[in-house]
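Trainee: Sequence unavailable; structure follows:
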């Protein structure tokens, strides 16, 4: 008779991964290519986070209009509130700065605790799609 084993695996934390946004560039506005990269970079981030097996990614589509114009890194926790409405345990926000090269900053906030969020930064050398995908 085969032995049947049950997994006592913990449920993965649910993560709301918001679309990456452009940092305030002052007088220098984003190029059309800069804007077009935001969606694919956001989708790639979701896919790679999902593939790690550390998170269950929840859809942010229901709140897309609510957060489209908000500066999610400087809105006093609005992204955390929206993530909670989606049933997420973690809020992940990406911001892309364009200095002389591109810099991608990602904030991760665990909504189940009052601990400060974690920030990650990636420098991308080269202002093109391939470099952004590699970063």
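Mentor: Looks like it arrived, so ask away. Note that this is a predicted model, so its numbers are computed, not measured. Numbers count the residues shown, from 1 in each chain.
Trainee: Could you tell me how many residues sit around the nearest residue to residue 42 once chain neighbours are set aside?
Mentor: Excluding its sequence neighbours, the residue lying closest to residue 42 (C-beta to C-beta, 6 or more residues apart in numbering) is residue 19, at 4.3 Å. Backbone N, C-alpha and C define where each C-beta goes, glycine included. If you count neighbours by other C-beta atoms under 10 Å, residue 19 ends up with 18.
Trainee: Would you mind measuring from residue 72 to residue 131?
Mentor: Computed with C-beta to C-beta, to the nearest Å, the distance linking residue 72 and residue 131 is 24 Å.
Trainee: Neighbour count for those two, which is higher?
Mentor: residue 72 (21 against 14).
Trainee: so that one sits right up against residue 79, yeah?
Mentor: Yes - here residue 72 lies in contact with residue 79, judged by C-beta atoms under 8 Å, at a distance of 4.3 Å.
Trainee: For whichever strand or helix holds residue 48, buried residues please.
Mentor: In this structure, residue 48 sits in helix 32-52 according to DSSP states H and E. Applying a neighbour-count criterion of 16 or more other C-beta atoms under 10 Å, one finds 34, 37-38, 41-42, 45-46, 49 buried in helix 32-52.
Trainee: Report the two of the residues you listed separated the most.
Mentor: Largest separation among the buried residues of helix 32-52 by C-beta to C-beta: 34 and 49, giving 22.6 Å.
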